[in-house]
Each structure stands twice: as C-alpha cells, then as structure tokens.
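S.K.: pasting the sequence and the predicted model now:
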Amino acid sequence: MKDLTVGTLIAVFEEIFGRGLFWAMVGLAAVVTLGYVYVLIRDRKISWHKFLLAQLSMPVGAVLAVWFVLVMTHSELANIGGPVDLIVLLGVAAGGAVGAAILVYTMQSLLWPPAAERS
Amino acid sequence: MTKSIKNPTRRQLFGLAASAGVAAALGAHASASTPVPTKARIVIIGAGAGGTALANRLVRRLEGAEITLLDPRVQHLYQPGLTLVAAGLKPADYVLSQTGDWLPDGVTLIPEKAAAIDPEAKTVATESGQSLAYDFLVVAPGLVLDHDAIEGFSLDMVGQNGIGALYAGPEYAARTWQAASKFTEEGGVGLFTRPETEMKCAGAPLKHTFLIDDIAKRAGNGGKIDVQYAAPQTSLFGVPIVAEKVRMLFGDRGITSHMQHQLQGIDADRRRARFSTPDGSVELDYDYIHVIPPQRAPEVVRQSGLSWADKWTDQGWVECDMASLRHLRYPEIWALGDVAGVPKGKTAASVKWQVPVVEDGLVAAITGTDPTQTYNGYTSCPMITQIGRAMLVEFDYNDNLVPSFPGIIAPLEELWISWLMKEVALKATYNAMLRGRA
Ligand SMILES: Cc1cc2nc3c(=O)[nH]c(=O)nc-3n(C[C@H](O)[C@H](O)[C@H](O)COP(=O)(O)OP(=O)(O)OC[C@H]3O[C@@H](n4cnc5c(N)ncnc54)[C@H](O)[C@@H]3O)c2cc1C
C-alpha cells in the first residue's frame, strides 16, 4: 500500500477537509458541472453574452483561489522557490478561474434562460 | 527502495488539482483480498502511530484473530505537529486526539502499560498484574525522552527564562513557543541543541532552528539575534549530501555551529549551558536554549531482554532484522516504529513503510508462507528552512536520496510545495495511515 491508489487519495482528502465537507464539496462540484452540462444541452448554444461575464469572473476566481491557499498554509508569494512551485500556484489559479467561470455561466443560465435574456 | 516506489504523502498534493475526477474513479480502489481465518492471539504494545495503523490493517486482513493493544495514553499525539506548535503556527490542541477514536472495532484496548514481557513463556504482564498470553507480539511503544539526563533541567522550567523543549509534548511545545517568541522579539543568543543518541525525526532540531531564526528576521530583529546550533555529531545531518546543504544554508543565514558538543547540563540562573567536547567541558551562554534530551527504548523492552546486546547498549533498541523487522531471537516478535533497532528511520514516514512489512510478516507467519515485503530504511523529513519553504528529504539505509518525484520535486531545493506537504498533507496522510488506509 505504499503506492498511491485512488483509495489513499480519497482517505487523505477526507482527512484534510473532514469527511462531510470533502464529500459536500465533491457533491457541489458535481452539481455545478451537471448544471453547466444541463444549460448547454438545454440552450443548445453558448451565450456569448453570458460567456463574457463568466470570463470576467475568471481573474477574480484565480486570485481568490490563490489567496485562500496562501492564507490556509501560512505562506506568501515570496515563498515560491522553483518551477514546480510556480506550476502548482498556476494550477491553483487556473482551477479557481475555471471554477468561477463555470459557476458564473451556469448561474446566469439558470436565472436568465435564453428567453429571458432576449426580452 | 527503488525510485519507482512512490509515496502518497508527496503525491497527494497533485491530487488537489485532480479532485474532481476522484469521485468518478472511486470504484477503482477496492483491495479485495479475502481475510485469513485464524485464532491467533496478537498483542500489540503501544497504540501510537505504528500500533494503531497496524491494528487497523490486521482487522481487515484477519478473521477471528484476537487482537489486543496495550496503551495507557488516552490521548493520541500527532508528533510531527509539535514543530509547528513550537513556532506559534498551530495551537497545542492541533496535535491532540483520542487514542480510542482511531482504533477499529474488533480489537481490545487495555489502557495499561506493558510492565514485563516474557518472550520464552510468550506472555506480557500489564501494570496491574494481568498476564496476556500471545502467539505473536508486536513491540511498538515508541521511545522515552530522558530529560533527567540534562543536569539542572526539569520540564517545569520550560517556557520561562528562555528555556524550550518542544519534544516533551503539546503543552511544552506551546510553552517553548512562549520562550522562543520572546527571543525573536528581544534577541540575544539562541542556542539550539540535539542529543547524542538516536532520535525521532532527526530533522526536527534543525527545523526549530530555522523557524525561530526566520521568525526573528521577519520581525525585523535579525540584527539582534545570534543563532547557534550545537550537536554531538561531527556533521549537521546523518546523510552527507544533506549535511552539506544544511551547512550552506547555515552559512547563508549566519547560523554558527558547534559540532561535537553534547549538552550535559544547564545553569538556568546564569543562562549558561555546559557541553562535553573532545577537548573537555565547554560552557556557552544563551538567552534562549532549546533542549532535546537523549532518547531511549522504554524500560520494559530492555528488561525483557529484547534489546541488542552489542549495539546501542545505552539506548536499548529492539534487536531485529533490518529488512523484516522480525526479532532475531524470537521469531514471533516484531519491532515497529521508533523502538526498532534499525540504523535509520525514527519517523512517522518510516512507520508508514514499516507497517505493511510487519503486517505481511505476521500474516505469512500465520499462514505458514514466506513473507514478501521488506523495509529498506525509507525515512523522510520535510525539512522546514523558513515559514513557507521546506526541503523534502527522503533517504534509505544507504543514505541514498530516494525522491518520490525525481525531476519534479528536487530534494535539496527549498520549495513551497514541500512546505505545503508539511502544513497540509502530512497530518492528513498520517491520519489516513492511522486508519490503515495509506
Ligand atoms: C518534534 C517531533 C517532530 C516530528 N516530525 C516528524 C516529521 O516531520 N515526519 C515524520 O514522519 N515523523 C516525525 N516525527 C516522528 C514520529 O512522530 C514518530 O516517529 C512516530 O510517532 C513513531 O511512532 P511509534 O508508533 O513508534 O511511537 P509513538 O507514536 O510515539 O507511540 C508509542 C505509543 O506507545 C505507548 N507506550 C509507551 N510505553 C508503553 C508501554 N510500556 N506499554 C504500552 N504502551 C506504551 C505510548 O503511550 C504511545 O501511545 C516527529 C516527532 C517529534 C517528537
């Protein structure tokens, strides 16, 4: 069991966030993703208007994600010490950006379906 | 160890990014080996990192076994967290949990000390005089800190007059921070020591040195401090290549070192520490001193004749094969964790590597087959070099560096990701290990 398995990974995540919170977050991510897929299928097209707003939320999501990780780990940007650090940091930012975009797009689509948008 | 063996501790961080995919893949991890039916009586002495992890795995591997753990300590200590407590980064209760909460159903915890082991009669006597017969015994009582060996020092001094001792437990680690934080504000000579004996987490004395130095400098008090590191050894770390790196870091940070200096005693009133050196007794002044006492196997181990007769005679570690951890004279006994008389590895990371080996040996003994797993001395140390950065040093019996991510996480580079592992991933992985899941 010294090799990494999905089971180990899940066990570690459950320990980091607590079992309830971890699965709640997984559930939330799944719900948002499903919602996104739902509105895409329902609308059969991407609304570029909503997409623009979603894109605008990306930098905010990126900054929030980085800020959250730094605060939670007592670290600061100056601690970035090598390429792998930068990659991880960019990964966190990208995750925050994409997450925010999907969330914002889906929320808009659910609140203002294409019909509402036109009117 | 070959480089191909991967360590989840290091790897799980990458999983942060992949967490969305995790749920979908959940079905992939069933480790479906049928439990071995047995009536074996297994006694485990110590429900710390090693004993608890092993118990959790054994209940899944065996059916019908009678597994008894002995441990008088109600609270479980997550010891790697003590370093963070003593640097003011975590509260004392960060390291505390209940021993019983980690134990699986189907094992019996006797909240008592093992007072004697009779390896000939195969019994363990508890403090209250109960006698437990065993077919297999796992000795995992950790080690004892011999604070009395430091003349003039006692634990009630910790936290005042510039005295720290973070190994002594969460309460003392918190008090260590009281003394250390005063030093980071007021300055003076900070004297950081380590013992001559084998010790758990040999990187911890260096981590404390680096952290306190960093905290003082961040507060703008770098000009007021003189940080000195005194150790009985001839080099700063047991692995030569790491020792060189630490020597360079000390140079960078302006930390002076006194090698071959073994702390003998302190004069708390005069704030002077006495060391024995090859040139005789030497005294050094301090404003803050960090004491890490000599460390030895618990008395019960030596008294039961389980220790090496010709090695570590002052420390009493259990005589065992360094690959199988099986006792060399009593094949139904295994050593696990800090108490094991092997040349490396008094860390929780080693425990994680050792537990499957002991599990495998025990199950093989029950089924009468040959064991297949061996321990190669793997140990690891997230060597914190400042708040926010660490080096992920991993090595084996041969002092070879065995990085889990060769080419990605350089072991001798100060990295943020290595700090994240200590801050976020280590405790989670440790807990997962306790549950037998890592
Ligand atoms: C300051 C510090 C920092 C550390 N940092 C790290 C790190 O960064 N990474 C890392 O991997 N490791 C680290 N470690 C080391 C790690 O915590 C230990 O190596 C690990 O806990 C050892 O596990 P164990 O089961 O052998 O002993 P322990 O976890 O100490 O458990 C031993 C248990 O046995 C019980 N016991 C004792 N005597 C008896 C008896 N006679 N009868 C019955 N029960 C008994 C005790 O009550 C205890 O519960 C650190 C340790 C310290 C102190």
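M.R.: Nice, thanks for sending it over.
S.K.: count the residues that sit near B:Trp170.
M.R.: Quick fix: residue B:170 reads Pro, not Trp. Residues within reach of B:Pro170, counting by other Cβ atoms under 10 Å in any protein chain shown, total 23. In short, each C-beta sits where N, CA and C put it, glycine included.
S.K.: repeat for B:Val36
M.R.: Counted with other Cβ under 10 Å, the burial measure for B:Val36 works out to 16 neighbours.
S.K.: cool, and B:Ala390?
M.R.: The number of residues packed near B:Ala390 is 28, by other Cβ under 10 Å.
S.K.: next helix or strand past the helix or strand containing it?
M.R.: Using DSSP states H and E, B:Ala390 sits within strand B:389-395. Later in the chain than strand B:389-395, the nearest helix or strand by DSSP H and E is helix B:416-420.
S.K.: show residues contacting the strand holding B:Ala390.
M.R.: A:79, A:81, B:7, B:10, B:203, B:239, B:242, B:245, B:344, B:349, B:377-385, B:401-404, B:409, B:411-416, B:418-419, B:421-422 (Cβ atoms under 8 Å, 6 or more residues apart in numbering or on different chains).
S.K.: and it, average pLDDT?
M.R.: Strand B:389-395 shows a mean pLDDT of 95.
S.K.: do that strand and the ligand meet?
M.R.: No: on the criterion Cβ under 6 Å from any ligand atom, strand B:389-395 is out of touch with the ligand, staying 9.5 Å away.
S.K.: quick one, strands of chain A?
M.R.: With DSSP state E as the definition, chain A shows no strands.
S.K.: my guess is B:Leu137 contacts B:Glu332. True?
M.R.: Yes: when contacts are counted by Cβ atoms under 8 Å, B:Leu137 is listed as touching B:Glu332 (6.4 Å).
S.K.: compare the two (neighbour count), which wins?
M.R.: Using other Cβ under 10 Å as the criterion, B:Leu137 and B:Glu332 rank with B:Leu137 on top: 26 against 17.
S.K.: now the more buried one: how far from the ligand?
M.R.: According to Cβ to the nearest ligand atom, to the nearest Å, B:Leu137 stands 12 Å off from the ligand.
S.K.: and that residue, what element?
M.R.: Assigned by DSSP H and E, B:Leu137 falls within strand B:136-139.
S.K.: in the stretch 51-200 of chain B, what residue comes closest to chain A?
M.R.: Residue of the stretch 51-200 of chain B nearest chain A, by Cβ to the nearest Cβ: B:Leu89 (5.7 Å).
S.K.: that residue should be in a helix, yeah?
M.R.: No: using DSSP: H, G, I helix; E, B strand; the rest coil, the assignment for B:Leu89 is coil, not a helix.
S.K.: was I right about it contacting A:Thr73?
M.R.: No: under the contact definition of Cβ under 8 Å, B:Leu89 does not touch A:Thr73, with a separation of 10.0 Å.
S.K.: coming back round to it: which residues do B:Leu137 and B:Glu332 both contact?
M.R.: The contact sets of B:Leu137 and B:Glu332 overlap at B:Lys122 (Cβ under 8 Å, 6+ apart).
S.K.: just give the closest residue to the residue nearest the centre of chain A, not the sequence neighbours.
M.R.: Closest to where the C-alpha atoms of chain A average out (Cα atoms, centre = their mean) is A:Gly99, at 2.5 Å. Nearest residue to A:Gly99 in three dimensions, chain neighbours excluded: A:Gly61, at 5.8 Å (Cβ to Cβ, 6 or more residues apart in numbering or on different chains).
S.K.: now swap in B:Glu394 and tell me
M.R.: Of all residues not flanking B:Glu394 in the chain, B:Ser380 sits nearest, at 4.1 Å (Cβ to Cβ, 6+ apart).
S.K.: ok, B:Arg302 next?
M.R.: Distances taken as Cβ to Cβ, 6+ apart place B:Gly316 nearest to B:Arg302, at 4.0 Å, with adjacent residues excluded.
S.K.: what residues are up against the residue nearest in space to the middle of chain B?
M.R.: The residue lying closest to the centre of chain B (Cα atoms, centre = their mean) is B:Thr347, at 3.3 Å. Contacts for B:Thr347 (Cβ under 8 Å, 6+ apart) come out as B:200-201, B:379-381.
S.K.: neighbours around the residue of chain B found nearest the ligand, how many?
M.R.: Proximity of chain B to the ligand (Cβ to the nearest ligand atom) peaks at B:Gly48, 1.6 Å away. B:Gly48 sits with 24 neighbouring residues when counted by other Cβ under 10 Å.
S.K.: what's the answer for B:Phe192, then?
M.R.: By the measure other Cβ under 10 Å, the count of residues near B:Phe192 is 26.
S.K.: that one sits in which helix or strand?
M.R.: Using DSSP H and E, the element containing B:Phe192 is strand B:188-193.
S.K.: any idea of the mean pLDDT for that strand?
M.R.: Averaged across strand B:188-193, the pLDDT comes to 98.
S.K.: tell me the phi and psi of B:Gln264?
M.R.: Per-residue torsions, B:Gln264: phi -110, psi -40 (degrees, to the nearest 10).
S.K.: doesn't B:Phe153 make contact with it?
M.R.: No: look at B:Gln264 against B:Phe153 with Cβ under 8 Å: they stay out of range, at 10.1 Å.
S.K.: looking at these two, which one has more neighbours?
M.R.: The residue with more neighbours, out of B:Gln264 and B:Phe153, is B:Phe153; 22 against 16, by other Cβ under 10 Å.
S.K.: could you confirm that one falls within a helix?
M.R.: No: going by three-state DSSP, the assignment for B:Phe153 is coil, not a helix.
S.K.: now do the SS call for the residue nearest to B:Thr184 when sequence neighbours are not counted.
M.R.: Spatial nearest neighbour of B:Thr184, excluding adjacent residues (Cβ to Cβ, 6+ apart): B:Ala216 at 3.9 Å. With three-state DSSP as the basis, B:Ala216 sits in helix.
S.K.: who are the contact partners of B:Ala216?
M.R.: If you count contacts by Cβ under 8 Å, 6+ apart, B:Ala216 has them with B:183-185, B:187, B:190, B:222, B:224-225.
S.K.: distance of it from chain A?
M.R.: 16 Å (Cβ to the nearest Cβ, to the nearest Å).
S.K.: ok, B:Pro232 next?
M.R.: In terms of Cβ to the nearest Cβ, B:Pro232 sits 31 Å off from chain A.
S.K.: what does chain A put close to chain B?
M.R.: Residues of chain A lying close to chain B (Cβ under 8 Å from any Cβ of the partner chain) are A:1-16, A:25-26, A:29-30, A:33, A:72-76, A:78-82, A:84-85, A:88-89, A:91-92, A:95.
S.K.: go with 7 Å
M.R.: Within chain A, the positions near chain B by Cβ under 7 Å from any Cβ of the partner chain are A:1-13, A:15-16, A:26, A:29-30, A:73-76, A:79-82, A:84-85, A:88, A:91, A:95.
S.K.: one step back: tally of neighbours for the residue nearest to A:Gly99?
M.R.: 22.
S.K.: which residues does it contact?
M.R.: Residues near A:Gly61 by Cβ atoms under 7 Å, 6 or more residues apart in numbering or on different chains: A:96-97, A:99-101.
S.K.: just to check, B:Gly190 is in contact with B:Lys224?
M.R.: No: using Cβ atoms under 7 Å, B:Gly190 makes no contact with B:Lys224, being 10.4 Å away.
S.K.: give me the more crowded residue out of those two.
M.R.: The neighbour comparison of B:Gly190 against B:Lys224 (other Cβ under 10 Å) goes to B:Gly190, with 26 against 16.
S.K.: and the more buried one, what does it touch?
M.R.: Taking Cβ under 7 Å, 6+ apart as the test, what B:Gly190 contacts is B:183, B:212, B:225, B:227-228, B:287-288.
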